[in-house]
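**Q** Mind folding the following:
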Amino acid sequence: MPYGLMSSRRITNALVVLFHFLAFPVVLGADPPPCETSPTTLITRSCEFLPGVYTYKSLTISGTAVVRVTSNTTGPGVTIFADEFSLCAGCSLTGNGLGLPASSGPGSSSQASRYGAPGGGHGGEGGRGFSSGLVGRAYGSFTEPMLSGSGGSSAFHPDCPDIAGPGGAGGSALRLVVSGRATIAGAITMNGGHGSHEYSTCGFYNANGGGGSGGSVWIGCGELAGDGLIIANG
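**A** Modelled structure (predicted):
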């Protein structure tokens, strides 16, 4: 399963950060309320950004807030403009598995496969299916990543029709444009979701759905600070 696409640049296009592909678990519960949209906003508890454009003078995410980024759309996902932005250590902006649903999107093979299904593609091809030879195709831009990850394909077992392994959803897409300082001490994660591993009651059979591809992170800022994580794994 491929990585998603990530780019981080000053507004003058100078590279300001390298990304580390490390695991960072984020636990998501029930759907949180929408995030505040006041010009000066302090977020201290979980909330959600839906696809669209949000503009702030100052946006600060503090405490232990888990802020969801949902972009289950084939167009651009969530775009945030701010004069100043801060994501505290222990906080997260997460779109893990909140991109395009299973078996959908430009990087999904969409065709169910026997035994093990292919993963969704995005910045590269998805993992190959066990029997079909199909892969999720690559798409998107490495310099201006704005698209959500695609869903993995579903799997079935021909000898046991009672099982089906759904694929995982893709990761979300986040564009963050900060004219001043962007402080990222927490985690920004736009990872694809895991495919389902289903076991049968009619015999020793299983069907493994493909994982979703990583989404996108595109950051432009006047000044970058902090030692947080920015991840878009598939």
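**Q** helices or strands up against the strand ranked longest in the chain?
**A** Looking across the chain with DSSP state E, the single longest strand is strand 173-184. On a contact count with 3 or more C-beta pairs under 8 Å, 6 or more residues apart in numbering; DSSP states H and E, strand 173-184 meets strand 78-87, strand 216-225. The way it works is simple: take the backbone N, C-alpha and C, and place the C-beta from them, glycine included.
**Q** Only the buried residues of the first one, if you could.
**A** Yep, that's strand 78-87 we're talking about. Buried residues in strand 78-87, counted by 16 or more other C-beta atoms under 10 Å: 78-87.
**Q** I'd like the residues you listed as JSON lines, with distance to residue 180 appended.
**A** Shown next, in JSON lines, are the buried residues of strand 78-87 (distance: C-beta to C-beta, whole Å):
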{"residue": "78", "distance to residue 180": "20"}
{"residue": "79", "distance to residue 180": "17"}
{"residue": "80", "distance to residue 180": "13"}
{"residue": "81", "distance to residue 180": "11"}
{"residue": "82", "distance to residue 180": "8"}
{"residue": "83", "distance to residue 180": "5"}
{"residue": "84", "distance to residue 180": "5"}
{"residue": "85", "distance to residue 180": "8"}
{"residue": "86", "distance to residue 180": "11"}
{"residue": "87", "distance to residue 180": "14"}
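**Q** circling back: now the helices and strands packed on strand 173-184 in JSON lines, please, with extra columns for mean pLDDT and distance to residue 56.
**A** What follows is the helices and strands packed on strand 173-184, written out as JSON lines (pLDDT from 0 to 100; distance: least, C-beta to C-beta, whole Å):
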{"stretch": "strand 78-87", "mean pLDDT": "98", "distance to residue 56": "4"}
{"stretch": "strand 216-225", "mean pLDDT": "96", "distance to residue 56": "14"}
